[in-house]
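> Next comes the sequence, and after it the predicted model I'd like to discuss.
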Amino acid sequence: MKIVKRDITTVYAPAFIAHGVNAHGVMGSGVAKALFEKWPEVKESYLKSFKRGEKPKLGELAGSCEPNFQLFIANLVTQEKYGYDGKRYADPEAIERAMIEFITSHKISGNPYPNHPPPHHHRQSSSLKNNS
C-alpha cells in the first residue's frame, strides 16, 4: 500500500482506490463526492448495491467499478451512520473487514488485471499480505 497526499482523483494508473462509505446509500461529501464527481460510475455502483433488495452491511463491499482499464475503485462500507458534525463515524473493525474482503476478492497480491500488465508502483505492504 502506498499512501499519497494529493487530490485522489489525480492518482496515476494502474491503481486501486478503496474508500469508505456509509450503509445508507448516501454519498454526498468528502472523498466519495470527489470520486463520483470525476467518475459517476462510482456512485452508480454504490447505489446498485442497495437496489438488490438488501442493504450492504458494515465491513462489506458496496459496489465497485473500473473507470478505465487500470483504475479500480471500490466502495467499502465502513460506517453505519454519517454526519457533517466533525465526529468520527468510521468503524475501525468494519474498515479492517472490508479491506480484507477487498484484498482477497480482487487478488491484490497477484495481478488483478490478467489481461493487462501488473501494477508495479502501487503494491500493498507486506503487513497486509500476511493478514489476508
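Yep, that arrived. As the structure is a computational prediction, the values presented were derived from the model and not from experiment.
> Need the outlier residue of this protein, farthest from its centre.
Farthest-out residue of the chain from its mean C-alpha position, per Cα atoms, centre = their mean: residue 85, at 23.1 Å.
> Check which helix or strand that residue maps to.
Remark: residue 85 resides in no helix or strand, with elements defined by DSSP states H and E.
> Now do the SS call for the spatially most central residue of the chain.
Using Cα atoms, centre = their mean, the residue of the chain that lies closest to the mean C-alpha position is residue 18, 2.2 Å off. Under DSSP: H, G, I helix; E, B strand; the rest coil, the three-state class of residue 18 is strand.
> ok, now which ones touch it?
By Cβ atoms under 8 Å, 6 or more residues apart in numbering, residue 18 lies in contact with 73-74, 76, 98-99, 102. To be clear about C-beta, it is placed using only N, CA and C from the backbone, and glycine gets the same treatment.
> Need those residues in TSV (columns: secondary structure).
Converted to TSV, the contacts of residue 18 look like this (three-state DSSP):
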residue	secondary structure
73	strand
74	strand
76	strand
98	helix
99	helix
102	helix
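> Could you identify the buried members of those?
Neighbour-count burial (16 or more other Cβ atoms under 10 Å) applied to these gives 73-74, 76, 98-99, 102.
> Where does pLDDT dip in this structure?
By pLDDT under 70, the low-scoring segments of the chain are 1-2, 4, 52, 107-132.
> Just to check, residue 99 is in contact with residue 77?
No - taking Cβ atoms under 8 Å as the definition, residue 99 is not a contact partner of residue 77, at 11.5 Å.
> Show me what the residue nearest to the centre of the chain is bridged to.
residue 74 (DSSP bridges).
> Can you tell me how far it is from residue 84?
Residue 18 is 23 Å from residue 84, where distance means Cβ to Cβ, to the nearest Å.
> Any buried residues in stretch 59-79, and which?
59-65, 67, 70-79.
> got the CA coordinates for it in CSV?
Provided in CSV are the C-alpha atoms of stretch 59-79 (Å, rounded to 0.1, in the frame of the first residue of the first chain):
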residue,chain,number,x,y,z
GLY,A,59,-17.4,-4.5,6.6
GLU,A,60,-18.7,-5.4,3.1
LEU,A,61,-18.1,-4.1,-0.4
ALA,A,62,-20.9,-1.9,-1.8
GLY,A,63,-20.1,-1.9,-5.4
SER,A,64,-17.0,-1.2,-7.5
CYS,A,65,-16.1,0.0,-10.9
GLU,A,66,-13.3,0.4,-13.4
PRO,A,67,-13.4,3.9,-14.9
ASN,A,68,-10.5,2.8,-17.1
PHE,A,69,-8.7,-0.5,-17.6
GLN,A,70,-6.1,0.2,-14.9
LEU,A,71,-8.1,2.1,-12.3
PHE,A,72,-10.3,0.2,-10.0
ILE,A,73,-12.5,1.9,-7.3
ALA,A,74,-14.2,0.0,-4.5
ASN,A,75,-16.8,1.3,-2.1
LEU,A,76,-16.2,-0.2,1.3
VAL,A,77,-19.0,0.0,3.9
THR,A,78,-17.0,1.4,6.9
GLN,A,79,-19.7,3.4,8.8
